[in-house]
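**Student:** using only what follows, build the 3D model:
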Amino acid sequence: MTAAKAALRDRYRARRAALARSCPDFAEAIARFADALPIAKEAVVAFYWPMGDEADPRMLAQALAARGHGLALPVVVARDRPLLFRRWRPGDTLTAHRFGMNEPHSAAPDVKPDVLLVPLLAFDAHGHRLGYGGGFYDRTLAALTKARSVGVAYAGQETDDLPRQAHDHPLDMMVTENGLRRFANKPLSSRPSDA
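**Tutor:** This is a model prediction of the structure:
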């Protein structure tokens, strides 16, 4: 399974790079769907600062902040630990982590997000995602059992059923330049109430 996923990662990394070149207005496109996301009024939304050709969630995060949601960014604590999240506001400076991520300053307060915007290499119609192999988001979603997960991807990153293992956590929703999609694998009734 590990070797199969590694081969898929190479293929979908190349596909994502091509999609990024062909969809330069992606960030603006998904920001239009901020009001469609079923997020409680006081919910804190964790997003990620994109690296390379990752689908860019920053304009969507700004639109959610304009709706009154608090924002947070992930922090890598250690390779085998869930992500930690720190409060971030537009204009706050970021520091570069040794893994290449841009993170809030260590003085920023820790927060527990209600919604996570999640990067990925590929996804399927059941909400399963192919990540980068580090397991950070799977460990994090296992720890934050009440948080909703929203994949952020180019529509062309969708593929047929992906291989999955017991520790893989499916997503609740996906946002692409074509709109928002909910997956049936997690009943929304078990999540915090929508606003």
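
**Student:** what's the spacing between His169 and Leu130?
**Tutor:** Separation of His169 from Leu130 (Cβ to Cβ, to the nearest Å): 12 Å. (C-beta placed from N, C-alpha, C; glycine too.)

**Student:** tell me where this protein has strands.
**Tutor:** Secondary structure of the chain by DSSP state E: the strands cover 44-46, 70-75, 84-88, 94-96, 102-104, 115-118, 122-123, 129-130, 148-152, 173-176, 179-182.

**Student:** which among these is found nearest to Ala31?
**Tutor:** Across the strands of the chain, Ala31 has its closest neighbour in strand 173-176 (9.7 Å, Cβ to Cβ).

**Student:** by contact count, what packs against the closest one?
**Tutor:** The contact analysis (3 or more Cβ pairs under 8 Å, 6 or more residues apart in numbering; DSSP states H and E) places strand 173-176 against strand 148-152, strand 179-182.

**Student:** mean neighbour count, distance to Gly100 and mean pLDDT for these - can I get that in JSON lines?
**Tutor:** Output for the helices and strands packed on strand 173-176, formatted as JSON lines (neighbours: other Cβ atoms under 10 Å; distance: least, Cβ to Cβ, whole Å; pLDDT from 0 to 100):
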{"stretch": "strand 148-152", "mean neighbour count": "25", "distance to Gly100": "18", "mean pLDDT": "97"}
{"stretch": "strand 179-182", "mean neighbour count": "15", "distance to Gly100": "29", "mean pLDDT": "96"}
